[in-house]
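> quick one, structure for this:
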Amino acid sequence: MLNARTAPFDLINYHGTCWAARIFNRNRMTAKLDRVIDALQRSLRREHDSAFQRGMHYPTRWDPYFHDFMTLADIYGYPGHHYDHHRKQLTLAALN
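Numbering: from 1, shown residues only. As a prediction, the model looks like this:
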């Protein structure tokens, strides 16, 4: 059911990215990323160990790293997997 309802989110995700590129240049994006990482680290330190086992269902077609059920630990690990995925897409193969 979650996968069937993703069309509006796909549209928002696409257009949101296009508009954000007009607002966030490289310097602004770097500062924003630093603030987000700091906030995530503070949030991570506040969590109790038991919280990392809680979870919920996610639409699996949104991203190759989404699973039907993801715990909070999975969610905290997701950005790194997502970043690595895109970094590999943008990395040129070694020239021989």
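
> and the strands in this protein?
Using DSSP state E, the strands of the chain run over 55-57, 69-71.

> so can I have a markdown table of those strands showing mean pLDDT, distance to residue 85 and mean neighbour count?
Quick note: C-beta positions are derived from backbone N, CA and C, even for glycine. Below are the strands of the chain laid out as a markdown table (pLDDT from 0 to 100; distance: least, C-beta to C-beta, whole Å; neighbours: other C-beta atoms under 10 Å):
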| stretch | mean pLDDT | distance to residue 85 | mean neighbour count |
| --- | --- | --- | --- |
| strand 55-57 | 94 | 21 | 12 |
| strand 69-71 | 96 | 16 | 14 |
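
> as CSV, those strands with distance to residue 29 would be great.
Putting the strands of the chain into CSV (distance: least, C-beta to C-beta, whole Å) gives the following:
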stretch, distance to residue 29
strand 55-57, 29
strand 69-71, 26
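
> tell me the pLDDT at residue 42?
Note on residue 42: pLDDT of 95.

> ok, it to residue 81 distance?
21 Å (C-beta to C-beta, to the nearest Å).

> find the residue at the geometric middle of this structure.
residue 79 (4.3 Å; C-alpha atoms, centre = their mean).

> excluding chain neighbours, what is closest to that residue?
residue 40 (7.9 Å; C-beta to C-beta, 6 or more residues apart in numbering).

> I'd say the one you found and residue 78 touch.
No: using C-beta atoms under 8 Å, residue 40 is not in contact with residue 78, being 11.0 Å away.

> coming back round to it: with neighbour numbers in mind, choose between residue 42 and residue 81.
Using other C-beta atoms under 10 Å as the criterion, residue 42 and residue 81 rank with residue 81 on top: 13 against 9.

> quick one: pLDDT of the closest residue to the more buried one other than its chain neighbours?
The shortest distance from residue 81 to any non-neighbouring residue, by C-beta to C-beta, 6+ apart, is to residue 65 (4.5 Å). pLDDT, residue 65: 86.

> tell me how many other residues crowd residue 65.
17.

> what about the chain, any weak spots by pLDDT?
Counting by pLDDT under 70, the ranges of the chain that qualify are 92-96.
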